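In: one predicted model, sequence on top.
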Amino acid sequence: MRVRFALFLAACLAVAPSLASADDPPVYTVPPKPDFSSMNFLIGSWSCTSKSARRPSPATYTETYAIDPTGYYLIDELKIAPVPWANYAQDLKFMITFDRDIKLFASELTSTLGDYGLSTSPGWVDGKLVWHLINNTPSLDVASSSDLTVTRVSDTQTTSVTSFTTKSGNTVGVTGSCTKST
């Protein structure tokens with residue numbers, strides 16, 4: 001942000017040096033809101049499953065998408081029920097926006113258990129939304145992870161695929177499926 005402002009200020013001073021001085025306060029304008037039109041079909045509630053190849057059964061969860069009141073974020077909230085290998089409930093929240101500087105969608109994850117993550121995506125391309133995880137690994141026994149690819153099957157169904165490599169060198173696939181409920 002500082003670099004962009006500095007370049008903006010330098011351009012203004014070069015064009016009209018008699019109109020501005022270093023002592024003038026900067027003039028800011030409200031940035032445009034992100035274009036979420038390609039993601040509008042997501043808005044609403046979804047019933048989802050996620051299956052890790054190293055687990056005996058899929059985990060189920062609900063996912064709800066909404067545009068926040070400012071219009072700058074697409075909010076994605078997940079409610080995950082306990083499963084035998086993780087006997088606690090967990091809520092996750094993704095705050096998705098578009099970063100005009102890097103020209104990518106950016107997603108910040110937080111959870112009720114203190115998780116934090118960052119991901120970026122160029123947006124929907126040929127029916128797929130690919131999220132590149134920036135800081136989620138390494139963690140626990142995970143050494144690295146692949147991108148998460150979400151496929152739009154229809155306006156009411158998506159699938160997803162990703163994988164991770166354990167610190168012992170095993171690659172574990174994870175698949176998911178969501179169906180819109182409202």
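Out: Thanks, I have the structure now. No experiment lies behind these values; they were computed from the predicted model shown. Residues are numbered from 1 along each chain as shown.

In: okay, CA-based contacts and neighbour counts for the rest of this
Out: Will do.

In: for Met95, list each beta-bridge partner.
Out: Met95 has these beta-bridge partners by DSSP bridges: Ile75, Glu108.

In: show the pLDDT at it.
Out: If you check Met95, the pLDDT there is 98.

In: might one say that it is in contact with Asp76?
Out: Yes. With contact defined as Cα atoms under 8 Å, Met95 reaches Asp76; the gap is 6.6 Å.

In: more neighbours, the two?
Out: Asp76 (21 against 18; other Cα atoms under 10 Å).

In: next, find the distance separating Lys51 from Ser37.
Out: Between Lys51 and Ser37 the computed distance is 29 Å (Cα to Cα, to the nearest Å).

In: higher neighbour count, these two?
Out: Lys51 (17 against 7).

In: tell me the SS of the more buried one?
Out: The three-state assignment at Lys51 reads strand, by DSSP: H, G, I helix; E, B strand; the rest coil.

In: what about it, distance to Pro58?
Out: Lys51 is 4 Å from Pro58, by Cα to Cα.

In: so which residue is dead centre in the chain?
Out: Ser107 (2.9 Å; Cα atoms, centre = their mean).

In: contacts for stretch 73-91?
Out: Contacts to stretch 73-91, defined as Cα atoms under 8 Å, 6 or more residues apart in numbering, come from residues 34, 36, 59-68, 92-97, 111-113.
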